[in-house]
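Undergrad: model this:
(3 chains)
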Amino acid sequence: MDMPRRLGALLAAALLATACGGGGGAESPPAANQSQAPVTIKVWTRAATESHTKALADAYNASHTNKVEVTAYPNEEYPAKIATAAGGKNLPDLFASDVVFAPNYVSQGLWIDVTERFGALPFKDKVAPAHIKEATVDGKIYAVPHTVDTSVLFMNKALYTKAGLDPEKPPTSLKEMAEQATTIREKVGGDTYGTYFGGNCGGCTLFTFWPSVWAGGGDVMNPEGTQSTVDAGPMGAVFDVYRKLFEAGVAAPGSKEENGTTWLGALQAGNIGVAPGPSAWLGLLEEKGIDVGVAPIPGVDGGTSTFVGGDVIGISATSTQADAAWDFLAFTLSDQVQSDLQTKSRTTVARTDLTASDPRVQTMNEVMAVGRTPYALKFNESYNDSQSPWLKTLRDALFGADPAAALKAGAGTITASLNQQ
Amino acid sequence: MTNLLERVRPAQAAAHARFRRRRSPGLAGLAYAAPAAVIVALFFLFPLGLVVWMSLNKWPLLGPPTFNAPTNYAQIADNALVLDAVVFTLKYTAVVTVLLFSISFGLALLIQNRRPGVGFFRGAFFLPAAVGWATATLLFFGLLSDQIGPINDILQWVGLIDAPVSWTAGDPGLAFGSTVTLVIWRWAGFNMLILLTGLQAIPTELYEAARVDGASAFHAFRRITLPLMRPTIALVLCLMITGSLLGFEQFYILTRGGPGSSTTSVVMVIVREAFIRFNLGSAAAMSVLVLAALVLLNALQLAFIRRKTS
Amino acid sequence: MKRPTYYVSMAILSLFFVYPIVWSGWSSIRLGDAFSLDSYRKLADYGEGVGTYLTNTVILVLLTVGGTLIVATFAGYAFARFRFPGRGLLFVLILAILMVPYPTILIPLYVLLGWFGLQDSLLGLALVMIMFQLPFAVFMMRNAFESVPRTLDEAAMMDGCGSFGALVRVLLPAVVPGLVTVGLFAFLASWNDYVAPLILISSNDRFTLPVAVVNMRLHDFGAVDYPTMQAGVVFMALPCLAIFLLLQRYYVRGFMSGALRG
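TA: Okay, the predicted model is just below:
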């Protein structure tokens, strides 16, 4: 589940202004080490989160004597980098991770326990609960939210109008979404397609299809993350909707090969009617001049849900300056920094108590309350990785001859992967 | 060669022997080989030993390892990906070795004779060897892409395909073909040059004698070129087979082992064990097996060739 | 083969090998329907600035090429001219480097570099690169020295040179093509390698070009900036191609001097 976050120089500048001009400092609890000699805190993130982390670091560096130094690595190679550094007992002071991988890093003991430090924050109850839950084991918290990204429906308003649909009336069920997509394909036609999805991308599909399963009251696995249930409940019906859209030529043909690298690019081209995607795309779509509407992802027959994704960040077990590192984390979660993020990037943030001025961002914030972050110790290898059993399952279910058999087989192979030692 | 020279020039041979006695060449040789030996010991043997040790332990990312041999080796059999990857890697090796060898040899034959412009063609064929793996793969990634790549347009224009094709993520056969094409593009010139050295080492008098005897070009190729080229061919084949069995970057960057797991090689499974599943012990066990298999294979290959040549 | 047929088929074959490189250069400056150097500007401004990555790469290349040449020359000389204990074993071990799945050996190497205090340093990375170059380099230099008549160094020694003097004064000039070939391949490997720098280097300001270029491609996930990516490819490939073409005379002779006999 890789999501783009490009907040850009604008955000950095805004945060800088706040941090320097605000002068309040109330948000950032003074740390014990501030009086000592300044230290450098090393932070690692994956490339997709780089600009976000760098903007926060610049803001922090402008108002603190300690310096935060951010290094970003290619998304795919990031886990390899963490593994090697851990093997060499040389992790940076802080490192972020895709939230769904957090249980694995926690179980490997790569982050230290921050329960007490986190408990001392005045706004501790207002921090994205799904992320906190994901980074908690036996009541102890090991990481805090760094970026929050939810999945939502994006509607191309111009295409809706062109097809005679009302862009202010988003679909309330997946079936209705399919109807609207079909109308757009039929009425507009040509290069324009009704919808688009990452049919060759495990992360893209779990992020955008699973909410429809949850909205229908079902689930894809048990709460312990040890038993796949893709063959029971609404998963089959969800696949069926997308399968038919593809067969009918309503979904763009590229959907079958889309492995995530050009997922956003397809929507940015402006000829896709309605498609689910990461909330962080809002700004990136508008940047291309697309008038875009946002709606929650519906279930097959109604209801809504979302996948609460993004990154968490924790203090590494090999860090020797945990206090200084925590000071930066507390700063990133503080009121001023978070509401600036919200205004400038128009995306969801790590706090639940800040209201957004843009109604679309407000929609995103609201779905977060009903959203979920699935838990599994072996998440990456079972669902995200290009050799994962989930990817094979979804391809067979979407494009194969026998979707029901594919889901039945998939439940078996995914369960095996979830339990593989 | 040395023997010949010693027979021809007894005085110098004597000097040579004197030198050997006087300076204890064993020590001198050891001294010259020492830097290489130190690097091999420190940066190859030692890490290799650690890999072997890891393969006998449950090796967490942090924290102390626990001895669990032979669990890591036994688990390999349970890994659903391994069998497919082994089959795929063997298939890939066979295809690449046959194609790459034929093409390289063909190119070498085409440029072995001095003609005007031959240097230019040799340079052109060899040029891709100057482009690194990461660069070459990014280049192909763009070249084959539907967005800016020209390949789809060209083939559509020629009439070979009706609609744009996904070369790396659609059909397993196409993804395989794209990878093989990349490998041939990158390596054909390099192997051509090695084969060319073998070709040019063959004395031209042999061919002239054959021509005088009325032998056809094909006959000369079979009776003179092939037998005399045997050591060079053996070297090239060893390099190709070893390189293909260890194939990794080409799949990793271009197809990510997909679609599905249709282009997942053995080394990709090892990398997945280590860096996705964080099962370092299991990854080490697989590496040890691959290394053992390759050493055995190359030893057999060399022994076979030596017997044939002598 | 008839002359025209020969040249036409050779031209088509050359096209297969050269076209992708030419296309890459073309597409890096072609944005939409206009020519532009924007992709190169983006490339120049990425991360710490392309200058930093270039400097790092040049340092790495100099260390690797220098180290490989020194180690491989001595080792090649030893194998070609001396008998010493462990000679066969060392040679087999050097060749075995080719047979190890190298992504896995990087974890122990990282640990090892940590012990020497060389983690996250270009020197440590260069030592690893030298190790990976040894099979080709030693093999090449051994055969290059073997193809020089022994009478040459023996004559030098009779004139009072030691074995080192003979190496420096007489043999080295005779193996220049071999040296150039070894240096060239060490250059190509260290300039281009992606996996080893990615794993062994951990600071932005010490990254080499390939890591930066690949990183840049994945920067905006979901939308590949193809022209900038191709600009990266061109920037990476140009120096290699230039050196490659400049040195062609030498390495062709290097290969030819019987240097790659089995």
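
Undergrad: wait, is residue A:68 part of a strand?
TA: Yes: with DSSP: H, G, I helix; E, B strand; the rest coil as the criterion, residue A:68 is located in a strand.

Undergrad: Low-confidence regions, chain C specifically.
TA: C:1, C:32, C:217-223, C:256-262 (pLDDT under 70).

Undergrad: mind listing the helices for it?
TA: C:3-29, C:38-45, C:50-81, C:87-96, C:102-115, C:122-146, C:150-158, C:163-166, C:172-174, C:176-192, C:195-200, C:209-217, C:226-246, C:248-254 (DSSP state H).

Undergrad: Mind putting the ones you listed into JSON lines with mean neighbour count and distance to residue B:245?
TA: Yep, even glycine has a C-beta here, placed from its N, CA and C like the rest. Listed next are the helices of chain C as JSON lines, based on neighbours: other Cβ atoms under 10 Å in any protein chain shown; distance: least, Cβ to Cβ, whole Å:
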{"stretch": "helix C:3-29", "mean neighbour count": "16", "distance to residue B:245": "25"}
{"stretch": "helix C:38-45", "mean neighbour count": "16", "distance to residue B:245": "36"}
{"stretch": "helix C:50-81", "mean neighbour count": "22", "distance to residue B:245": "25"}
{"stretch": "helix C:87-96", "mean neighbour count": "17", "distance to residue B:245": "14"}
{"stretch": "helix C:102-115", "mean neighbour count": "22", "distance to residue B:245": "13"}
{"stretch": "helix C:122-146", "mean neighbour count": "24", "distance to residue B:245": "16"}
{"stretch": "helix C:150-158", "mean neighbour count": "19", "distance to residue B:245": "38"}
{"stretch": "helix C:163-166", "mean neighbour count": "18", "distance to residue B:245": "40"}
{"stretch": "helix C:172-174", "mean neighbour count": "14", "distance to residue B:245": "37"}
{"stretch": "helix C:176-192", "mean neighbour count": "23", "distance to residue B:245": "20"}
{"stretch": "helix C:195-200", "mean neighbour count": "23", "distance to residue B:245": "17"}
{"stretch": "helix C:209-217", "mean neighbour count": "24", "distance to residue B:245": "24"}
{"stretch": "helix C:226-246", "mean neighbour count": "21", "distance to residue B:245": "27"}
{"stretch": "helix C:248-254", "mean neighbour count": "18", "distance to residue B:245": "27"}
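
Undergrad: So for residue A:90, which of those helices sits nearest?
TA: helix C:102-115 (6.1 Å; Cβ to Cβ).

Undergrad: and that closest one, is it in reach of chain A?
TA: Yes: counting by Cβ under 8 Å from any Cβ of the partner chain, chain A has neighbours in helix C:102-115: C:106, C:107, C:110, C:111, C:113, C:114.

Undergrad: contact partners of that helix?
TA: If you take Cβ atoms under 8 Å, 6 or more residues apart in numbering or on different chains as the criterion, helix C:102-115 is touched by A:83-85, A:87-90, B:42-44, B:46-48, B:50-51, B:54, B:246, B:248, B:267, B:270-271, B:274, B:280, B:283-284, B:286-287, C:119, C:121, C:124, C:127-128, C:132, C:195-196, C:199-200.

Undergrad: Grab the nearest non-local neighbour of the closest residue to chain C within chain B.
TA: Using Cβ to the nearest Cβ, the single residue of chain B nearest to chain C is residue B:132, 2.1 Å away. In this structure, residue B:132 finds its nearest non-sequential neighbour in residue C:192, 2.1 Å apart by Cβ to Cβ, 6 or more residues apart in numbering or on different chains.

Undergrad: quick one: that neighbour from residue A:329, how far?
TA: Shown here: residue C:192 relative to residue A:329, a distance of 38 Å by Cβ to Cβ, to the nearest Å.

Undergrad: In PyMOL, select just the buried ones from the contacts of helix C:102-115.
TA: Filtering the contacts of helix C:102-115 down to the buried ones (16 or more other Cβ atoms under 10 Å in any protein chain shown) takes a single PyMOL command:
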select buried, (chain A and resi 83+84+85+87+88+90) or (chain B and resi 43+44+46+47+48+50+51+54+246+248+267+270+271+274+280+283+284+286+287) or (chain C and resi 119+121+124+127+128+132+195+196+199+200)
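
Undergrad: Just give the number of residues close to the closest residue to chain C within the stretch 151-300 of chain A.
TA: Proximity of the stretch 151-300 of chain A to chain C (Cβ to the nearest Cβ) peaks at residue A:264, 3.0 Å away. Neighbour count for residue A:264, taken as other Cβ atoms under 10 Å in any protein chain shown: 23.

Undergrad: Surely residue A:154 is in a strand?
TA: Yes: the assignment for residue A:154 by three-state DSSP puts it in a strand.

Undergrad: rewinding a little: phi, psi of the residue of chain B closest to chain C?
TA: Phi and psi for residue B:132, reported as degrees, to the nearest 10, are phi -70, psi 170.
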